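In: Would you be able to build a 3D model of this:
(one chain, ligands or ions: 1)
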Amino acid sequence: MVETYSRNANRNMRRPVVKEEIVDFMRTRQAQNTGYLKDLEDFARQENIPIIPHETVAYFRLLMQTLQPKHILEIGTAIGYSALLMAENSPQSRISTIERNPEMLGLARENFAKFDSRKQISLLEGEAMELLPGLPDDHFDFVFMDSAKSKYIVFLPEVLKKVKVGGLIVIDDIFQGGDVAKDMSEIHRGQRAIYRGLQKLFDATLDNPDLTSSLISMSDGLLLLRKNVDQVDLEMIEI
Ligand code: SAM
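Out: Numbering: from 1, shown residues only. Next up, the predicted model:
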């Protein structure tokens, strides 16, 4: 029994931003997981652990098989499901994945020991902001940010140093069930830190000529960023 997540956790994962029947269609008609990935998916759903939904799984399969990134960085491992999915679909990739929650770290360690058969994955244990500066600069071709949503904008300057020019950053859960399109006054007080952090993220990226960005209404929203220049200027915003 996992203790970190309650049945009421991850509220926004149940507030789809596109029509519910389309979400169902995307989740049921796209090739399903088999083997250990299916077992991990079932375990996470049963324990309310927030893993990427099935439409994102299908998209990541395609991205990984097409891009075959040499070096991947993930922030937010949880039980290792998305890291193992990336490893499975891009056999040449080396994946560094960051997690701070001790319970998740225990499960991820077990899962990598059992299922990371090509030894592609390194689990980095601790707070992302402390670990990121120690990673090599201009190294990663692909980054998946799937951690505390209010902190994306705080991590971004450091993440951008670590990504190669031409590299792709994928940021998950950026619509917050549609809250981001509302006025701050309509947002529940407890959600305002996330709201503010995400608005800063949009201000810093969507119109920034040093990045090419695209919002995708998949899952609870993905923001894709391509790093276009060596030194990305985020100075237009105050973090
Ligand atoms: N990517 C995983 C998947 O789809 O299989 C799910 C990751 S889950 C949504 C987010 C994880 O990020 C949680 O396990 C949480 O403990 C971790 N996390 C959040 N903020 C973090 C931080 N600042 N540093 C390290 N880990 C963090």
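
In: residues contacting residue 151?
Out: Counting by Cβ atoms under 8 Å, 6 or more residues apart in numbering, residue 151 touches 128-129, 197. C-beta coordinates here come from the backbone N, C-alpha and C atoms, glycine included.

In: quick one: it is in a helix?
Out: Yes: under DSSP: H, G, I helix; E, B strand; the rest coil, residue 151 sits within a helix.

In: how much space between it and residue 190?
Out: 16 Å (Cβ to Cβ, to the nearest Å).

In: tell me which parts of the protein are close to the ligand?
Out: 50-52, 76, 78, 81-82, 98-101, 104, 127-128, 146-148, 151 (Cβ under 6 Å from any ligand atom).

In: Now, those residues that are in helices?
Out: With helices taken from DSSP state H, the overlap with these comprises 81-82, 104, 128.

In: Read off the pLDDT value for residue 53.
Out: pLDDT recorded at residue 53 is 96.

In: now do the one 4 residues further on
Out: Residue 57 is assigned a predicted lDDT (pLDDT) of 98.

In: Quick check: phi and psi on it?
Out: Dihedral pair for residue 57: phi -60, psi -50, per degrees, to the nearest 10.

In: quick one: the closest residue in space to it that isn't next to it in sequence from residue 118, how far?
Out: Among residues not flanking residue 57 along the chain, residue 85 sits closest, at 6.1 Å (Cβ to Cβ, 6 or more residues apart in numbering). For residue 85, the distance to residue 118 equals 14 Å [Cβ to Cβ].

In: Who has more neighbours out of the two?
Out: Neighbour totals were compared for residue 85 and residue 118, and residue 85 leads with 21 against 11 (other Cβ atoms under 10 Å).

In: Tell me the pLDDT of the most centrally placed residue in the chain.
Out: Here the mean C-alpha position of the chain is nearest to the C-alpha of residue 146 (Cα atoms, centre = their mean), at a distance of 2.8 Å. Looking at residue 146, its pLDDT reads 98.

In: got the residue ranges for the helices in this structure?
Out: Counting by DSSP H, the helices of the chain are 20-29, 35-46, 54-67, 81-89, 102-115, 128-131, 152-162, 192-205.

In: what's around residue 227, how many residues?
Out: With other Cβ under 10 Å as criterion, residue 227 counts 23.
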